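*Asks:* Predicted model, plus sequence, below.
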Amino acid sequence: MKFPPQVDHLEFLDLVRKMLQKKVNNRLHRLEDIKEHPFFVNANFEWEALENMSIKPPFIPNLNKTTTKSADVIPLSDYLKKSLDDYKKNYPKRDKSLPKILYNQWDEDF
């Protein structure tokens, strides 16, 4: 995996590489392991403040009528409902006579 030269923080690069491993068994994905990674440990990251939503975001975009006017701004719940409805319409229940390998188990549970 290659990064742009301006990204040179070794602990950050290590964290990203470990989280993006192709094989799930090699991937850093457990929250405990992520919290214990040197990138967060050495930064004295305040996990409790994040959990309590009292941490200040590093960047807050300046939104005004011009920026929001061109964006599709809909509540997340509406978006998820529309996505689920579209999915059900386009991918009906699995035909049990077809081999299961043609379907993803996740799809069947919908």
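*Replies:* In hand now; what should we look at? Numbering: from 1, shown residues only.
*Asks:* Would you mind giving the domain segments of this structure?
*Replies:* According to automatic domain parsing, the chain comprises the domains 10-51, 75-108.
*Asks:* looking at those, which has the lowest confidence?
*Replies:* Ranked by mean pLDDT, the domains of the chain bottom out at domain 75-108, which scores a mean of 61.
*Asks:* Could you report the distance from the nearest residue to Leu13 once chain neighbours are set aside to Phe12?
*Replies:* Among residues not flanking Leu13 along the chain, Phe3 sits closest, at 6.1 Å (C-beta to C-beta, 6 or more residues apart in numbering). To be clear about C-beta, it is placed using only N, CA and C from the backbone, and glycine gets the same treatment. Counting by C-beta to C-beta, to the nearest Å, the gap from Phe3 to Phe12 is 9 Å.
*Asks:* Looking only at neighbour counts, state which of those two leads.
*Replies:* Phe12 (15 against 12; other C-beta atoms under 10 Å).
*Asks:* SS state for that one?
*Replies:* Following DSSP: H, G, I helix; E, B strand; the rest coil, the label given to Phe12 is helix.
*Asks:* list the contacts for the nearest residue to it once chain neighbours are set aside?
*Replies:* Nearest-residue entry for Phe12: Phe39, 5.5 Å, with adjacent residues in sequence omitted and distances by C-beta to C-beta, 6+ apart. Taking C-beta atoms under 8 Å, 6 or more residues apart in numbering as the criterion, Phe39 is in contact with 9, 11-12, 14-15.
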